[in-house]
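[1] have a look; sequence and predicted model below, questions after that.
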Amino acid sequence: MVKTNRSNNEIRPKARSAKSSAWKNNVRAGKPLPVTGVLNLNSTIPRDFYDRDTVTVARELLGCILVHRTPEGTTAGKIVETEAYLQGDPACHAARRMTPRNSVMFGPPGYAYVYFTYGMHYCFNVVSASEGVGEAVLVRALEPLVGIPLMQGRRGRQNTRELCSGPAKLTQAMGIAREHNRRDLTMGDLYICPGDADAPIVTTTRIGIKEGAELPLRFYLQNNGYVSRK
DNA sequence: AAGATGATTTTCT
DNA sequence: GAAAATCATCTTT
């Protein structure tokens, strides 16, 4: 199932087999990447991608592109860091029982679970696994690709590395908030394009939790400068 | 470079 | 009433 009714293509960073020192210096300085090629944002990952075990979904989301089209403009970024939250996992919001907040996690896969936390931040998750299984993937970092000036305005920051290198930073940069909770990500203005990891996947422990902190359920693209932390 | 702290409100106990 | 899947800023080393 591929959508073809999107508007025109978007620019993307120039593809390079080996990253030059100039490229690395730009990333280090937080400067926008050179743009020359074309990025196709006209396809949407189908629901069956998400209807698999959550660790697989978390790993395979690396390299895919999160897109949000809004009246102010389109923003998009490559997913470079994720975490899996599983049934029987004490850190999972759905660990105890179904509540009004976590019920979307028990529903069909391919929907957004957006929650508000610490009195001021939103975090964006993708519901994974089959209906009835309360699991999801937290998207923790993006490499900004499209709409960088819009992201900079929303974030109040110029440095590209400070736009999407954390779960609450990325929702702010992308314009994702409570109205996006329970959105169907297989259609509409908030969606994910297919993509492949362009670096080895590092597996490590999750950030910011107390229980379940030893489980290897965090994944990121090795040597990517936009990950929230090593 | 690393550690501590305040902001601010929803959600569940 | 306490904790929270965080972030920015400030202090200390």
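    Right, received. Where do you want to start? Residues are numbered from 1 along each chain as shown, chains lettered A, B, ... in the order given.

[2] which regions of chain A lie under the pLDDT threshold?
    By pLDDT under 70, the low-scoring segments of chain A are A:1-37.

[3] DNA strand B contacts on that one?
    A:96-97, A:99-102, A:115-116, A:118-120 (C-beta under 7 Å from any atom of the strand). All C-beta atoms are positioned from the backbone trio N, CA, C, and that covers glycine.

[4] please redo it, this time with the cut-off set to 10 Å
    Selection of chain A residues close to DNA strand B by C-beta under 10 Å from any atom of the strand yields A:93-103, A:114-121, A:168, A:178, A:181, A:229-230.

[5] centroid-nearest residue for chain A?
    residue A:139 (3.8 Å; C-alpha atoms, centre = their mean).

[6] does it really touch residue A:126, like I thought?
    Yes. With contacts counted by C-beta atoms under 8 Å, residue A:139 reaches residue A:126, the gap being 6.8 Å.

[7] those strands in chain A, which residues are they?
    For chain A, the strands defined by DSSP state E cover A:10-13, A:35-39, A:65-70, A:73-85, A:112-117, A:121-127, A:136-146, A:190-193, A:201-204, A:218-221.

[8] what packs against the third one?
    When you say that, I think you mean strand A:65-70. Counting by 3 or more C-beta pairs under 8 Å, 6 or more residues apart in numbering; DSSP states H and E, the packing neighbours recorded for strand A:65-70 are strand A:73-85, strand A:136-146, helix A:167-174, strand A:190-193.

[9] identify each buried residue in the first one, please.
    Spelled out, that is strand A:73-85. Buried positions in strand A:73-85, judged by neighbour count with 16 or more other C-beta atoms under 10 Å: A:74-85.

[10] how about chain A: which residue is closest to DNA strand B?
    residue A:119 (2.2 Å; C-beta to the nearest atom of the strand).

[11] coming back round to it: once you drop chain neighbours, what's closest to the residue nearest to the centre of chain A?
    Nearest-residue entry for residue A:139: residue A:124, 5.2 Å, with adjacent residues in sequence omitted and distances by C-beta to C-beta, 6 or more residues apart in numbering.
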